[in-house]
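Student: sequence and predicted structure are below.
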Amino acid sequence: MKFEVTILGSSSATPIFNRNPSAQALNINDHHYLVDCGEGTQQQMLRFDVKASKIDHIFISHLHGDHYLGLVGLLSSMHLNGRSKTLKLFCPEPLKEIIELQLRYSDTTLQYSIEYYFTNPLVAEKILETQDLVVESIPLDHRIACTGFLFKQKKRLRRLIKEEIGALDIPVEFYSALKKGADYTAPDGKIYPNRELTVDPELPKSYAYCSDTQYNESYFTQINHVNLLYHEATFTHSMLSRAAITHHTTALQAAEIAKITHAKRLIIGHFSARYKTLNELLDEAQSVFPATELAIEGKTFVIGEV
Ligand SMILES: [Zn+2]
Ligand SMILES: [Zn+2]
């Protein structure tokens, strides 16, 4: 089952040094999800072959422009390209008014409908459940209402051992029960325990998107033991006071959070325009949490790979 994230934007505040504001595309079992949609996201999607027509769910963390100013353009392109499928949009409530205002003054009626799900910045909630996946909002600590998003695979069914199934000639109608853990009773009455016929499924994997926020233990429990943590790291730790004023995190703090919450891997992003190169941020984070990588645009991370 595919579970991967492609970085489309990694800059905070403004586009600079060929870095774009925040956006990421998740591919989960060939279902596509967009997380944040800063200015320039459409161009980045074209560049990295992320097809807008395949995106049915968009998640917006908060209403600072670097996280959503590309959204109305994308919604408009979907309309012009003849989209008819409903789009589900998970976002702070005022975004609905912002979108409707822009559509109203351009006299545009979208050819598809948008279903809005308003995030609550104060409470962690399950906001989406599909066959494969549960998505929870993560209340973060930012200057304005902001939530991250936690993507968790559901527990999968047990896997059949083909050779054993074939040797016993078990009829197909028993497969579903076997996958759920049942034993098999043969026509002669002999019972074959499930553990001889199936193996454990792959462990469910998880991805947490935490941007923007300052260091705050309140969300640590929720993101415990994720396979991959994306955490903003706007500044180096020498800028801690600036990080506190603007409600952002330093690279050192992001690494501490990954360590405390037992993340398997960390990606840092949302880099300040003051850093032309990113080595300083990476070195600082790796000094605390070696399994740290930079959110390089165009790079795809397989969740649960390590
Ligand atoms: Zn931001
Ligand atoms: Zn922000």
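Tutor: Arrived safely, thanks for sending. Ligands and ions are numbered 1, 2, ... in the order given.
Student: can you tell me what sits against the lengthiest helix in the chain?
Tutor: Looking only at the chain and at elements set by DSSP state H, the helix with the highest residue count is helix 94-105. Taking contacts as C-beta atoms under 8 Å, 6 or more residues apart in numbering, the residues outside helix 94-105 that touch it are 60, 63, 68, 71-72, 75, 89, 109-110, 114, 116, 118. All C-beta atoms are positioned from the backbone trio N, CA, C, and that covers glycine.
Student: highest neighbour count among those residues?
Tutor: Each of these was scored by neighbour count (other C-beta atoms under 10 Å); the top score is that of residue 68, with 27 neighbours.
Student: quick one, phi psi at that residue?
Tutor: phi -150, psi 0 (degrees, to the nearest 10).
Student: go ahead and confirm it touches residue 34.
Tutor: No. The pair residue 68 and residue 34 fails to qualify as a contact (C-beta atoms under 8 Å) at a distance of 10.9 Å.
Student: what's the nearest residue to residue 143 if we skip its chain neighbours?
Tutor: Nearest residue to residue 143, sequence neighbours excluded (C-beta to C-beta, 6 or more residues apart in numbering): residue 247, at 4.4 Å.
Student: how many residues are close by that neighbour?
Tutor: Counted with other C-beta under 10 Å, residue 247 comes out at 18.
Student: also residue 101?
Tutor: For residue 101, using other C-beta under 10 Å, the count is 11.
Student: ok, residue 52 next?
Tutor: A count of nearby residues for residue 52, using other C-beta under 10 Å, gives 18.
Student: how about the residues of the stretch 1-150 of the chain by ligand 2?
Tutor: residue 64 (C-beta under 5 Å from the ion).
Student: measure the residue of the stretch 1-150 of the chain found nearest ligand 1 to residue 215 for me?
Tutor: Proximity of the stretch 1-150 of the chain to ligand 1 (C-beta to the ion) peaks at residue 66, 4.3 Å away. In this structure, residue 66 lies at 20 Å from residue 215, with C-beta to C-beta, to the nearest Å as the measure.
Student: looking at those two, which one has more neighbours?
Tutor: The residue with more neighbours, out of residue 66 and residue 215, is residue 66; 23 against 19, by other C-beta under 10 Å.
Student: and the pLDDT at the one residue in the stretch 101-250 of the chain that gets nearest to ligand 2?
Tutor: With C-beta to the ion as the measure, the residue in the stretch 101-250 of the chain that lies nearest ligand 2 is residue 212; the distance is 3.7 Å. Residue 212 is assigned a pLDDT of 93 by the prediction.
Student: still on that earlier bit, following the chain past the longest helix of the chain, name the next helix or strand.
Tutor: Taking DSSP states H and E as the definition, the helix or strand that follows helix 94-105 towards the C-terminus is strand 114-118.
Student: that next one - contacts with which helices or strands?
Tutor: Using 3 or more C-beta pairs under 8 Å, 6 or more residues apart in numbering; DSSP states H and E as the contact test, the elements touching strand 114-118 are strand 87-91, helix 94-105.
Student: neighbouring strands of that strand in the sheet, and parallel or not?
Tutor: Sheet pairing here is set by DSSP bridges, and for strand 114-118 it gives strand 87-91 (parallel).
Student: average pLDDT across the strand it pairs with?
Tutor: 98.
Student: distance from it to the middle of the chain?
Tutor: Here the centre of strand 87-91 is set off from its chain's centre by 14 Å, with C-alpha atoms, centre = their mean, to the nearest Å.
Student: go on, stretch 69-79?
Tutor: Centroid separation between stretch 69-79 and its chain, computed with C-alpha atoms, centre = their mean, is 20 Å.
Student: now check it, is it near ligand 1?
Tutor: No. No part of stretch 69-79 sits close enough to ligand 1 to count as contact by C-beta under 5 Å from the ion; the gap is at least 10.8 Å.
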